[in-house]
Every structure is written in structure tokens, then in C-alpha cells.
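S.K.: sequence and predicted structure, then a few things I'm wondering about:
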Amino acid sequence: MHRLQSLLLAAALTAVAVMPMSAKADSSKCTGKIRSMGYFITDIDSDWGRPYDKFSAIKNGREYDIWVNKNTCKVEQTVLDNDQSTRYND
């Protein structure tokens, strides 16, 4: 039984290690830019068909939505996410 659990764990870890590569390949090139601006990235919404990535990030205790051009990593728009501030007060 221990051997079966070890094999299943190894298979799961391999799947987790390989799957994010394709998902992150398109958006990860711009994460350094966002981090260098002082943001802590909480989520990346990357769609292969869109020219922009949407980053959800925190800076100074506030959450922001940041749209970044995938090709140039230029920040096109930064918006304070007001939904987050009201969600915690429920």
C-alpha cells in the first residue's frame, strides 16, 4: 500500500509540475515588471486570444486589477478593485 501511495504522489507531483508550464508560458514574461512596481501578484488571467493579461495584485494593502500588453509588458491600465474592499466587510 505504501508503494502505491508513493507512486500516486509522484504522478501527481509530475502532473502539477508540467501543467503550469503551458499555462504560465504566455503570462509569466510580464510578472517581473509588475513585481518591480511593488505589487504582490495574486492571480493572472491570461487568454491566448487576447492581446492583454489581467493581473490581480496587492500594493499597500489595496487590491488592483492591472492590464498588461502581452507583447511589450507595457501596463495599459491599473484600476483599484473596489469589490475587494467591500467583500471583507460582509
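M.R.: Right, received. Where do you want to start? Residues are numbered from 1 along each chain as shown.

S.K.: V68 touches I34, doesn't it?
M.R.: Yes. Using CB atoms under 8 Å, V68 is in contact with I34, at 7.0 Å. Glycine gets a C-beta too; all of them are placed from N, C-alpha and C.

S.K.: quick one: which of these two has more around it?
M.R.: V68 (25 against 22; other CB atoms under 10 Å).

S.K.: let me see the ranges of the helices in the chain.
M.R.: Counting by DSSP state H, the chain has these helices, from start to end: 2-24, 31-36, 82-87.

S.K.: what is the neighbour count of S56?
M.R.: Neighbours of S56 using other CB under 10 Å come to 17.

S.K.: measure the residue lying closest to it once chain neighbours are set aside to C30 for me?
M.R.: Distances taken as CB to CB, 6 or more residues apart in numbering place D43 nearest to S56, at 4.0 Å, with adjacent residues excluded. D43 sits 14 Å away from C30, going by CB to CB, to the nearest Å.

S.K.: okay, and the common contacts of the two?
M.R.: Residues touching both D43 and C30 (CB atoms under 8 Å, 6 or more residues apart in numbering) are F55.

S.K.: ok, the two, which is more surrounded?
M.R.: Just comparing D43 and C30: by other CB under 10 Å the higher neighbour count belongs to C30, 24 against 10.

S.K.: so what's the closest residue in space to T78 that isn't next to it in sequence bridging to?
M.R.: The shortest distance from T78 to any non-neighbouring residue, by CB to CB, 6+ apart, is to I66 (5.0 Å). Note on I66: beta-bridge partners by DSSP bridges are F55, T78.

S.K.: gap between I66 and Q5?
M.R.: Taking CB to CB, one finds I66 at 42 Å from Q5.

S.K.: which one's more surrounded, those two?
M.R.: Set side by side, I66 and Q5 show more neighbours around I66, with 24 against 9, by other CB under 10 Å.

S.K.: any idea how far that one lies from D53?
M.R.: 9 Å.

S.K.: can you pull out the low-pLDDT segments for the protein?
M.R.: 1-2, 4, 6-28, 83-90 (pLDDT under 70).

S.K.: isn't the residue nearest to S56 up against F55?
M.R.: Yes. Between D43 and F55 there is a contact under CB under 8 Å: 7.3 Å.
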